[in-house]
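Novice: Here's my sequence, what's the structure:
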Amino acid sequence: MNHVLIIHEVENYAFWKNVFDQAAGMRKKAGERSYQVLRHEKDANKIVHFSVWTSLADARAFFESPELVKIRKEAGVKAPEFIYLQELEAGKL
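Specialist: Residues are numbered from 1 along each chain as shown. The predicted structure follows:
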């Protein structure tokens, strides 16, 4: 499986989440198959977006597209860090 981990701060979580939700169709069309949004326990505007993608190339093309760069800026995203990951192992205990 192919995963993307994005760590970033947002100006306003509620506003960012609305933009994020509105982009669900775009994300699905680009290759995102599932996601989790996590919030730092002490900072409500520090967000982690962890997602599964059809391929890392699809994910990179989406996240680096001029359209998404513009959307991130409008959503108040500050200095996102993108980490592209390939799953080696998974399990449940």
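Novice: which helices and strands sit right next to the helix or strand harbouring Gly25?
Specialist: Counting by DSSP states H and E, the element that carries Gly25 is helix 24-30. With contacts taken as 3 or more CB pairs under 8 Å, 6 or more residues apart in numbering; DSSP states H and E, helix 24-30 sits against helix 56-63. The C-beta positions use only the backbone N, C-alpha and C, and glycine is treated the same way.
Novice: and the helix it packs on, what's its mean pLDDT?
Specialist: Helix 56-63 carries an average pLDDT of 98.
Novice: Can you point out the buried residues in that helix?
Specialist: Residues of helix 56-63 classed as buried: Asp58, Ala59, Phe62, Phe63 (neighbour count, 16 or more other CB atoms under 10 Å).
Novice: Please, which helix or strand holds Lys70?
Specialist: helix 66-74.
Novice: Now do the following helix or strand past that helix: distance to the chain's middle.
Specialist: Downstream of helix 66-74, the next assigned helix or strand under DSSP H and E is strand 77-86. The chain centre lies 7 Å from the centre of strand 77-86; the measure is CA atoms, centre = their mean, to the nearest Å.
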